[in-house]
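>>> I'd like to go over a predicted model; first the sequence, then the structure.
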Amino acid sequence: MADQYQYNTNEEKIVKDSHTKEIDLINRDPKLINEDVIKVEFEDVIAEPDSTHSLDGVWKLSYTTFTVSKYWCYRILSAIFGIPMALLWGFLFACISFCHIWAVVPCIKSCLIESQCISRIYSLCIQTFCDPFFEALGKIFSSVKVALRKETR
C-alpha cells in the first residue's frame, strides 16, 4: 500500500495506478512461465533420418510452410480469441481472489481460533486426568529393578 504513493519535491501526492502500468512489448514472458512448454520448432516436430531425405526444395518449402503457418495461425487465433480469453481468465482469477479473500482466509482463521480453544480444553483434561495417573504409574514402577543373568548349561 505504501508503494502506491510517491512524494515529489513539492510534497504533492502522486498516485501510481497498477492497472495502467507500461508493459514490455519485447520481453512478453519476463517470469519465464512458458520457458519449456511452447518452444516448438520445425526440427522438434519433423525430422528425416540420414537414410531417407526428401528433395532439398521440398525440405526448405516444408520448413517455410511450417514456420509461417504456425506464426500466422497463432497471430490470427490470438487476434480473435485473445481478448475474450483475457476477459475470461481475468474474471476467473477475480472470482478465485474474491473467494480466497472473503471465504477461505476467514474460514481458516475461524478454525484456528476454535482449535486454540479446543487445544486449551484438551490440555487441561490431560493435565487433570492423565498426568497424575502416569505420575503414579511412574512412582510404582520406579522401584522395579530388572537384572539380567546369563545362565550356563
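Looks like it arrived, so ask away.
>>> Tell me where this protein has strands.
Using DSSP state E, the strands of the chain run over 5-7, 13-15.
>>> gap between A79 and K39?
In this view, A79 and K39 are 22 Å apart by Cβ to Cβ, to the nearest Å. Any C-beta I mention is one placed from the backbone N, CA and C, and that applies to glycine too.
>>> hmm, I was thinking of I83
Here the criterion is Cβ to Cβ. By it, I83 lies 25 Å from K39.
>>> What count of nearby residues applies to L137?
Residues contacting L137 under the criterion other Cβ atoms under 10 Å number 10.
>>> what's around the nearest residue to P30 once chain neighbours are set aside, how many residues?
The shortest distance from P30 to any residue that is not its chain neighbour, by Cβ to Cβ, 6 or more residues apart in numbering, is 6.5 Å, and that residue is D24. By other Cβ under 10 Å, 8 other residues sit near D24.
>>> Same question for the one 10 residues further on.
Here the count is done by other Cβ under 10 Å, and N34 has 10 residues near it.
>>> just for this protein, where's the confidence low?
Under the criterion of pLDDT under 70, the regions of the chain flagged as low confidence span 1-20.
>>> The residue nearest to P30 touches K31, doesn't it?
No - taking Cβ atoms under 8 Å as the contact criterion, D24 and K31 are not neighbours in contact, 11.4 Å apart.
>>> Regarding the residue nearest to P30, what are the backbone dihedral angles?
Note on D24: its backbone torsions stand at phi -90, psi 110 [degrees, to the nearest 10].
>>> Longest helix in this structure, please.
Ordering each helix of the chain by length in residues (DSSP state H) puts helix 56-99 first.
>>> Show me what that one packs onto, helices and strands only.
When contacts are defined as 3 or more Cβ pairs under 8 Å, 6 or more residues apart in numbering; DSSP states H and E, helix 56-99 sits against helix 42-45.
>>> And V146, how far from I113?
According to Cβ to Cβ, V146 and I113 sit 48 Å apart.
>>> Show me which of those two is the more surrounded one.
When V146 and I113 are compared on other Cβ under 10 Å, the one with more neighbours turns out to be I113, at 10 against 4.
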